[in-house]
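J.: Structure for the following, please:
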Amino acid sequence: MLRLITALFVLLAAPVAAQDYPLFHNVTGVAANDVLNVRAAPNAGAPILHVLPPDAQWVEVVEVQGNWGRINFGEGSGWASLRFLAPVADGSLPEYPYLTCFGTEPFWGLDMSMGAQAVLSQPDGASETYLLGNMRGAAGRPDVFAVQGSTADSDLVVTIAARQCSDGMSDALYGLEGTVVIGGDDPRVLAGCCSLR
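T.: Model (predicted):
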């Protein structure tokens, strides 16, 4: 298992190039007594599904079509005008250091703080904490990343790809897909979606 992890990181040793989305934005240019509409499609005539307050911050835009950005709210997804959303500096991978990944069947969650720790939780209430390294980009691919972690007796490798991902349980669409490989004598593989947090 250690050889597999070493080989993976040799491939990922190239300098990291920033990707565009997902990327955090702050609402801007909306009057204090108004809201930013989130619509069913990327056009001003589409039905309104949700609204953002005029001072909303750290809104994750997961993809862009023209001048519209897709965002998630609750268990839904919709489109907001990018005229009223300003990108947050260092608000995307690999600069942004906090990421959460999750999956269903089985349900699991992984909260990561790059260069610090990752906490893997499962529905039975069990959790595992790993010391976590920094994220690296794949050679020649600015849209693929990986990070490695370890405990005294187990290894963890997480690969993250910038591509649309559904959790299979809601209408939300995420901008990152994640695969988690947990080492040891009997490796486990978990697949799901990831989100900036």
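J.: switch to C-alpha atoms for all contacts and neighbour counts from now on
T.: Fine.
J.: Let me see the domain layout of the chain.
T.: Following automatic domain parsing, the chain resolves into domains at 23-92, 93-196.
J.: Now for residue 115, how many residues are close by?
T.: Neighbours of residue 115 under the rule other Cα atoms under 10 Å: 16.
J.: Residue 166 versus that one, what's the distance?
T.: Distance of residue 115 to residue 166, given as Cα to Cα, to the nearest Å: 27 Å.
J.: The most far-flung residue of the chain relative to its centre - nearest residue in space that isn't next to it in sequence?
T.: Distance from the C-alpha centroid of the chain peaks at residue 33, with 31.4 Å (Cα atoms, centre = their mean). Spatial nearest neighbour of residue 33, chain neighbours left out: residue 54 (7.7 Å); criterion: Cα to Cα, 6 or more residues apart in numbering.
J.: circling back: please convert the domains of the chain to JSON lines, extending it with mean pLDDT.
T.: Compiled in JSON lines, these are given as follows (pLDDT from 0 to 100):
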{"stretch": "domain 23-92", "mean pLDDT": "94"}
{"stretch": "domain 93-196", "mean pLDDT": "90"}
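J.: could you pull out the helices for this protein?
T.: In the chain, the segments counted as helices under DSSP state H are 2-11.
J.: most centrally placed residue in it?
T.: Central residue of the chain (Cα atoms, centre = their mean): residue 195, 2.4 Å from the mean position.
J.: Next, count neighbours for the nearest residue in space to that one that is not next to it in sequence.
T.: Nearest non-adjacent residue to residue 195, counting by Cα to Cα, 6+ apart: residue 100, 5.4 Å away. A count of nearby residues for residue 100, using other Cα under 10 Å, gives 18.
J.: May I have the beta-bridge partners of residue 100?
T.: residue 111, residue 195 (DSSP bridges).
J.: ok, now which ones touch it?
T.: 109-112, 194-197 (Cα atoms under 8 Å, 6 or more residues apart in numbering).
J.: cool, and residue 120?
T.: Residues in contact with residue 120, defined by Cα under 8 Å, 6+ apart, are 108-111, 127-129.
J.: Check the gap between it and residue 54 for me.
T.: Residue 120 is 35 Å from residue 54, where distance means Cα to Cα.
J.: Equivalent analysis for residue 30, please.
T.: As defined by Cα to Cα, residue 30 lies at a distance of 5 Å from residue 54.
J.: Identify the contacts common to those two.
T.: residue 36.
J.: how deep is the residue nearest to residue 193 when sequence neighbours are not counted tucked in, by neighbour count?
T.: Distances taken as Cα to Cα, 6+ apart put residue 177 closest to residue 193, at 4.4 Å, once the chain neighbours are dropped. Residue 177 is flanked by 22 other residues according to other Cα under 10 Å.
J.: check contacts around residue 177.
T.: Shown in contact with residue 177 (Cα under 8 Å, 6+ apart): 160-165, 191-194.
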